[in-house]
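S.K.: Pasted the sequence and its predicted model underneath.
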Amino acid sequence: MRRIYDISTPIMDGGVHYPGNPPTRVSSLQSMANGAAANVSAVAMGTHTATHVDAPRHFIEGGAPVDEMPLERLIGPAVVVAFGASVTAVGEAELRAQPLDGHARVLLKTRNSALLRRPDFVRDYAYLAPDGAEYLLRVGVELVGIDYLSIEQFESADHRTHLLLLERGVVIVEGLDLSAVRPGTYELVCLPLKLAGLDGAPARAVLIA
């Protein structure tokens, strides 16, 4: 029996969001409790809410939007690699110690996994350092995911990690919940909403063991 791990962060009213991004608002338009024939809700949120995929257009003017990203990069074998609580910046040195050979999809499990359930945004989350991004490019990674709302250091001045990856067409998945997942190899399925022409989209992501 294969096991499915849901590694998506729930989208909910008032859920934690990256500073500067719009908060999530969920409201009821029709309610059976109030006599309507059906329940109908409205959801207002940003494109980078909860578990989401960054498209090149997020940081590159004229870059590919999320609905044009190749789905084959979002489905296939992936390796989950874990880092201790003392690691705040995942750089080349930290990645060299991990079994990345031959893996096109790499998911970074850090101390962030314990932060996702907090209602407040935590600014000193662990992130992928630029030299780590350069190393992943050299070993041929096509998708990289992390367990908080951004892969970049908070308030980065140059957004170099994003730019290095997106300019090379590497898919970035942010906001993954890897708390229940052990390091190892899985089958990843991560499908962002097909939001035409936009810079990113929330996604439902699962790992299959």
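M.R.: Great, that's in hand.
S.K.: any idea of the pLDDT on the most centrally placed residue in the chain?
M.R.: The residue lying closest to the centre of the chain (Cα atoms, centre = their mean) is Glu174, at 1.6 Å. On pLDDT, Glu174 comes in at 98.
S.K.: Now do the helices in this protein.
M.R.: Taking DSSP state H as the criterion, the chain carries its helices at 92-96, 130-138, 160-167.
S.K.: List the buried residues of the longest one.
M.R.: I take that to be helix 130-138. Pro130, Asp131, Gly132, Ala133, Tyr135, Leu136, Leu137 (16 or more other Cβ atoms under 10 Å). Heads up, the C-betas are built off the backbone N, CA and C, glycines and all.
S.K.: could these be laid out in JSON lines, adding pLDDT and distance to Asp147?
M.R.: As requested, the buried residues of helix 130-138 are exported to JSON lines (pLDDT from 0 to 100; distance: Cβ to Cβ, whole Å):
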{"residue": "Pro130", "pLDDT": "98", "distance to Asp147": "19"}
{"residue": "Asp131", "pLDDT": "98", "distance to Asp147": "20"}
{"residue": "Gly132", "pLDDT": "98", "distance to Asp147": "15"}
{"residue": "Ala133", "pLDDT": "98", "distance to Asp147": "16"}
{"residue": "Tyr135", "pLDDT": "98", "distance to Asp147": "19"}
{"residue": "Leu136", "pLDDT": "98", "distance to Asp147": "16"}
{"residue": "Leu137", "pLDDT": "98", "distance to Asp147": "21"}
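S.K.: if we compare the helices of the chain, which one ends up closest to Gly35?
M.R.: Closest to Gly35 of the helices of the chain is helix 160-167 (Cβ to Cβ; 48.3 Å).
S.K.: buried residues in the closest one?
M.R.: Arg160, Thr161, His162, Leu163, Leu164, Leu165, Leu166.
S.K.: distance of the fifth one from Val80?
M.R.: Computed with Cβ to Cβ, to the nearest Å, the distance linking Leu164 and Val80 is 22 Å.
S.K.: Kindly report the same for the second one.
M.R.: If you measure Thr161 against Val80 using Cβ to Cβ, the figure is 19 Å.
S.K.: And for His162?
M.R.: 22 Å.
S.K.: circling back to that earlier point, for the buried residues of helix 160-167, which one is nearest Val87?
M.R.: After measuring the buried residues of helix 160-167 against Val87 - Cβ to Cβ - the closest member comes out as Thr161, at 15.3 Å.
S.K.: Now do the same contact list for that closest one.
M.R.: Residues in contact with Thr161 (Cβ atoms under 8 Å, 6 or more residues apart in numbering) are Tyr127, Leu128, Ala129, Pro130, Gly132, Ala133, Ile151, Glu152, Gln153.
S.K.: Need the residues you listed in a markdown table (columns: distance to Leu178).
M.R.: Formatted as a markdown table, the contacts of Thr161 follow (distance: Cβ to Cβ, whole Å):
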| residue | distance to Leu178 |
| --- | --- |
| Tyr127 | 15 |
| Leu128 | 14 |
| Ala129 | 19 |
| Pro130 | 22 |
| Gly132 | 17 |
| Ala133 | 19 |
| Ile151 | 13 |
| Glu152 | 18 |
| Gln153 | 19 |
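S.K.: closest to Met32 among those residues?
M.R.: Lowest distance from Met32 to the contacts of Thr161 (Cβ to Cβ) belongs to Ile151, with 41.3 Å.
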